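In: Next one to model:
(one chain, ligands or ions: 1)
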Amino acid sequence: DQPLVPKQFHLGMFEIGRPLGKGKFGRVYLARERTTGFICALKVLYKSELQQGSGVEKQVRREIEIQSNLRHPNILKLYGHFHDSKRIFLILEYAGKGELYKHLRRENRFPEWKAAQYTAQMASALRYLHRKHVIHRDIKPENILVGIHGEIKISDFGWSVHAPNNRRKTLCGTLDYLPPEMIRSGSKDNWYDEKVDLWSLGVLIYEFLVGEAPFEDTPVMTHRRIARADMTIPDWVSKEARDLIQKLLVLDPQKRLPLEDVQNHPWIIKHCVKGE
Ligand SMILES: Nc1ncnc(NCCc2cnc(NC(=O)Nc3cccc(C(F)(F)F)c3)s2)c1Br
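Out: Residues are numbered from 1 along each chain as shown. Presented below is the predicted three-dimensional model:
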């Protein structure tokens, strides 16, 4: 199902529709490829806005290289890219129900059955990514979209890398989702691997159920609370959900629950029809 066959794309090939969302780096538009009528999303990145010359083109190329050979129902497809003098365009799969964080904010928090189904889909996508030694590194509601059938799609691989890796992540945006091993500065050997996505999955489940992130606080306090895995889970959260969160938000990356055990956890089994 790779309808966009030509390898050379240009803006004239697309009719541009309504804006779909605004990221910190440029906007996204609904678009239709003129000859095939294929509907997609077009993300426009302004070269001027991206740290000029700091290898951003390399970063986009890496994102495209990583994403273009990923095919999973819960990972947003990136079909290709092109650029003109001022902008870089990413040709993306269109997620019919938009941005997950908007649904979360509107509904405040998700019922346990919905949070468990989203978690099962995340675990399936992350297992697929980790088998390909890709770490997403930026799992959070803002980077998850919802497809037309309500399925979630991990998106925005602008920060993903191949494991293992000790790249310093230039911190922009929220600290909330960062695991202890990524915020620990000083020790030069702050090597981390795909287990960072397990921590972020734990933070995500907490935010699905509680409506706010577990370590949400002032930046200094968030930093300290992450480093101590200092969080409280409200007592109205079911004991199964609490158990899963506590098995993911573990300081030692090696002790975090592996994804296959996440998929077989009682909380997931209870809410997800087998083989969904
Ligand atoms: N309904 C929808 N259906 C489909 N998509 C939608 N929104 C776009 C989601 C994205 C997918 N992939 C992305 N990738 C990047 O943004 N990459 C990125 C970003 C900054 C800098 C850089 C770099 F230049 F530094 F690498 C690379 S954003 C929506 Br709303």
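
In: What's the mean pLDDT across the longest helix seen in the chain?
Out: What stands out as the longest helix in the chain, according to DSSP state H, is helix 112-131. Mean pLDDT, helix 112-131: 97.

In: what's the answer for stretch 141-156, then?
Out: 95.

In: For that stretch, what is the distance to the chain centroid?
Out: Stretch 141-156 sits 8 Å away from the centroid of its parent chain (CA atoms, centre = their mean, to the nearest Å).

In: what does it rub up against?
Out: 23, 73-76, 92-93, 95-101, 103-104, 118, 121-122, 125-126, 129, 136, 138-139, 173, 204, 207 (CB atoms under 8 Å, 6 or more residues apart in numbering). Placement of C-beta: from N, CA and C, glycine included.

In: so Ser85 is in which element?
Out: For Ser85, there is no host helix or strand (DSSP states H and E).

In: Hmm, I typed the wrong one, I wanted Glu207.
Out: helix 195-210.

In: could you dump that helix to CSV, C-alpha only?
Out: Taking C-alpha atoms only, helix 195-210 is exported to CSV below (Å, rounded to 0.1, in the frame of the first residue of the first chain):
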residue,chain,number,x,y,z
LYS,A,195,14.5,0.9,28.1
VAL,A,196,14.0,4.7,28.1
ASP,A,197,10.7,4.1,26.1
LEU,A,198,9.5,1.7,28.9
TRP,A,199,9.8,4.5,31.5
SER,A,200,7.9,6.9,29.2
LEU,A,201,5.2,4.3,28.6
GLY,A,202,4.8,4.2,32.4
VAL,A,203,4.4,8.0,32.5
LEU,A,204,1.9,7.8,29.6
ILE,A,205,-0.3,5.2,31.3
TYR,A,206,-0.3,7.3,34.5
GLU,A,207,-1.3,10.4,32.5
PHE,A,208,-4.0,8.5,30.6
LEU,A,209,-5.6,7.4,34.0
VAL,A,210,-4.9,10.4,36.2
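
In: pLDDT of that helix, averaged?
Out: Mean predicted confidence for helix 195-210 is 97.

In: cool, and stretch 263-276?
Out: On average, stretch 263-276 scores 85.

In: returning to what we had before: the contacts of stretch 141-156: which ones sit near the ligand?
Out: 23, 76, 92, 95, 98-99 (CB under 6 Å from any ligand atom).

In: which one of the residues you listed is nearest the ligand?
Out: Taking CB to the nearest ligand atom as the measure, Ala95 is the one of those closest to the ligand, at 3.7 Å.

In: Which residues of the stretch 51-200 of the chain lie near the ligand?
Out: Residues of the stretch 51-200 of the chain lying near the ligand (CB under 6 Å from any ligand atom): 56, 59-60, 63, 76, 90, 92, 94-95, 98-99, 145, 155-156, 158.

In: Just those residues: which are in strands?
Out: Using DSSP state E, the subset of these located in strands is 90, 92, 145.

In: Ignoring the adjacent residues along the chain, who's closest to the residue with the largest distance to the centre of the chain?
Out: For the chain, the largest distance from the centre (CA atoms, centre = their mean) belongs to Thr35, which lies 31.6 Å off. Closest residue in space to Thr35, ignoring its immediate chain neighbours: Met13 at 7.4 Å, by CB to CB, 6 or more residues apart in numbering.
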